[in-house]
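Asker: Next one to model:
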Amino acid sequence: MNAADPAALRKSRLKLLLVASIFAAPFVLALLLTLAGWQPGAKGNGLPILPQRNFAQEQLPVRLADGKDWAWRDSEPRLTLVALPGPDCAARCYAALTAMAKARVLLNRNQSRLRLLYVGTPPADARQRAGMANYWQLGADTDGKLAAWRPTSPDSVSAVLVESDGTALARYPAGFDPAGLLKDLQKVIK
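Answerer: Residues are numbered from 1 along each chain as shown. Below is the predicted model of the structure:
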């Protein structure tokens, strides 16, 4: 039986500890940052809806223009962007609606994973109303349960992003940044 060379044994143990410390360093750093109160910034541009609500469980009725009720719980994994206009939806409101529809188009091959639902009185301009039909499902909040998120200022629009199971994820108050909405959509729709 050979006796191990103490210097070689010490050298191999040192190598093992060095390799182990390389793998452990990120975990130790993450632990230290968490204990210090720092969390990575994955903040969205929308405001979280707290307490969380599920429109399907609440049976929140939205009557579509064809007389059917909107199905909050979707058969496919698709999100719903609900546009809620303020009074007298006109040029600024329509521009925001166009930006939302553009955000859907910019999702490219994933655009089918986002449904657009407009809940309220369509713009008064017949040309704008006709243009909306290309992208938006038009509906009415029959019980007024979405009124809390509807803006009160004229010619404005807010939005609510809803998961395919009916859970409301985030709200975008009137005057929100459409580029921020697109970033959020790109994060959740992959």
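Asker: Could you pull up the residues touching residue 175?
Answerer: Residues in contact with residue 175 (C-beta atoms under 8 Å, 6 or more residues apart in numbering) are residue 156. (Glycine included, C-beta is placed from N, CA and C.)
Asker: and it, backbone torsions?
Answerer: phi 90, psi 10 (degrees, to the nearest 10).
Asker: For it, give its distance to residue 99.
Answerer: For residue 175, the distance to residue 99 equals 12 Å [C-beta to C-beta, to the nearest Å].
Asker: Could you do residue 154 as well?
Answerer: From residue 154 to residue 99 the distance is 18 Å (C-beta to C-beta).
Asker: Comparing the two, which residue is more hemmed in?
Answerer: residue 99 (16 against 13; other C-beta atoms under 10 Å).
Asker: What segments of the protein are strands?
Answerer: 47-48, 62-64, 79-85, 114-119, 137-141, 157-162, 168-172 (DSSP state E).
Asker: okay if I get these as JSON lines plus mean pLDDT and distance to residue 13?
Answerer: Converted to JSON lines, the strands of the chain look like this (pLDDT from 0 to 100; distance: least, C-beta to C-beta, whole Å):
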{"stretch": "strand 47-48", "mean pLDDT": "90", "distance to residue 13": "50"}
{"stretch": "strand 62-64", "mean pLDDT": "95", "distance to residue 13": "68"}
{"stretch": "strand 79-85", "mean pLDDT": "96", "distance to residue 13": "54"}
{"stretch": "strand 114-119", "mean pLDDT": "96", "distance to residue 13": "56"}
{"stretch": "strand 137-141", "mean pLDDT": "94", "distance to residue 13": "67"}
{"stretch": "strand 157-162", "mean pLDDT": "96", "distance to residue 13": "55"}
{"stretch": "strand 168-172", "mean pLDDT": "94", "distance to residue 13": "51"}
